[in-house]
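In: Compute the structure for the input listed below.
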Amino acid sequence: MSISTAAPRGALAVFLSAAMLPLAAIAQTPSPLAQWQYSSGITLEQMFLPKLPTWRIRVGPSVSFQPRYDGASSYHILAGPSIDIRYRDRFFFSTGEGLGVNVVTGPNWRAGIALSYDLGRRAADDLDHLHGMDNINPAPTMHLFGEYVVSKTFPLVVRADVRRAMGGDNGWVGDLGTYMPMPGSSEKFNWFAGPTVTFADSRYMNSWFGVNANESARSGLRQYHASAGVKSVGFGVAATWMANKHWLVTGNVAYQQLVGLAGNSPIVQRRGSGVVDFAVDYQF
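Out: Alright, predicted model coming up:
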């Protein structure tokens with residue numbers, strides 16, 4: 001059952017309740033995952049279920065298979081908790097979205113601010129290729145975000161996210177993405193899909209993709225300057241299976257292609273990369 005004007009309101013309620021679970025991300029380290037996948041379905045739930053419970057709490061384990069860093073050819077597995085706690089449509093604490101508040105909300109939109117954490121990048125992550133490169137230290141990251149649903153009859157969600165690390169790369173990066181429920185979604189199973197494009201300023205681009213004179217001398221990589229612009233384009237799919245009213249299983253798949261100055265960097269071993277993750281959550 002896809003979302004349409006003919007869909008029963010009760011079925012929509014169950015569908016959107018299942019859809020609300022965001023990705024169980026370990027941290028916001030750059031990965032092929034789109035920012036909308038951290039919170040897919042939140043604004044749709046707000047639109048179709050205006051009388052939300054006071055508290056929504058979901059916890060469980062999660063695992064993610066993703067590149068060691070942007071442009072890496074090697075992958076690793078990250079495992080950890082999946083936590084999503086929301087108070088009305090205002091405050092939230094989530095391993096996907098971070099700690100934040102929806103500052104303003106409407107029947108089909110929301111905008112707010114959140115704090116998350118970026119794991120950065122260490123030369124030790126790939127000594128064969130990153131030896132001599134400076135580390136990008138872990139750092140808290142501040143987000144400004146906004147989401148808008150076109151309409152109930154055409155539930156396309158548009159999301160914009162701008163964030164800055166307070167330390168680490170000290171740069172600005174932002175995403176513009178869209179997604180919507182796909183055909184075949186039902187009361188027990190639903191899935192979303194959509195594209196995204198990511199932009200970044202020169203400080204961010206040079207931290208992740210640039211090679212300065214000292215790094216070049218130590219690593220043997222040629223000097224490289226990456227100015228501001230489009231960093232990557234990608235496509236993601238997020239799916240949720242609601243086993244019963246308490247247990248939910250989510251899976252996320254995404255692909256990212258580094259483009260332009262990011263893709264041409266000597267640090268990049270592979271322009272295209274993907275991520276796969278799963279989480280099993282208990283809903284109180």
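
In: I'd like the distance between the most centrally placed residue in the chain and residue 149.
Out: Taking Cα atoms, centre = their mean, the centroid of the chain lies closest to residue 35, which sits 3.0 Å from it. Noted for residue 35: a distance of 16 Å to residue 149, by Cβ to Cβ, to the nearest Å. To be clear about C-beta, it is placed using only N, CA and C from the backbone, and glycine gets the same treatment.

In: what sits against the residue of the chain most remote from its centre?
Out: The C-alpha centroid of the chain is most remote from residue 217, which lies 35.1 Å away (Cα atoms, centre = their mean). Residue 217 sits next to residue 132 when contact means Cβ atoms under 8 Å, 6 or more residues apart in numbering.

In: Is it in a helix, a strand, or coil?
Out: Look at residue 217: counting by DSSP: H, G, I helix; E, B strand; the rest coil, its state is helix.

In: now residue 184
Out: coil.

In: Looks like it contacts residue 191 (just checking).
Out: Yes - under the criterion of Cβ atoms under 8 Å, residue 184 makes contact with residue 191 at 7.3 Å.

In: So which of these two has more stuff around it?
Out: residue 191 (18 against 10; other Cβ atoms under 10 Å).

In: Count residues in the vicinity of residue 55, would you?
Out: Other residues close to residue 55 by other Cβ under 10 Å number 10.

In: Tell me what it is bridged to.
Out: Residue 55 has these beta-bridge partners by DSSP bridges: residue 87.

In: show me what contacts it?
Out: By Cβ under 8 Å, 6+ apart, the neighbours of residue 55 are 85, 86, 87, 284.

In: before we move on, what about residue 71?
Out: Taking Cβ under 8 Å, 6+ apart, one finds 208, 209, 258, 262, 265, 267, 268, 269, 270, 271, 273 in contact with residue 71.

In: what does the model give the nearest residue to it once chain neighbours are set aside for pLDDT?
Out: The spatially closest residue to residue 71, leaving aside those adjacent along the chain, is residue 268, at 3.4 Å (Cβ to Cβ, 6 or more residues apart in numbering). On pLDDT, residue 268 comes in at 96.

In: Tell me if I'm right that residue 268 and residue 208 touch.
Out: No - contact criterion Cβ under 8 Å: residue 268 and residue 208 do not qualify, at 9.5 Å.
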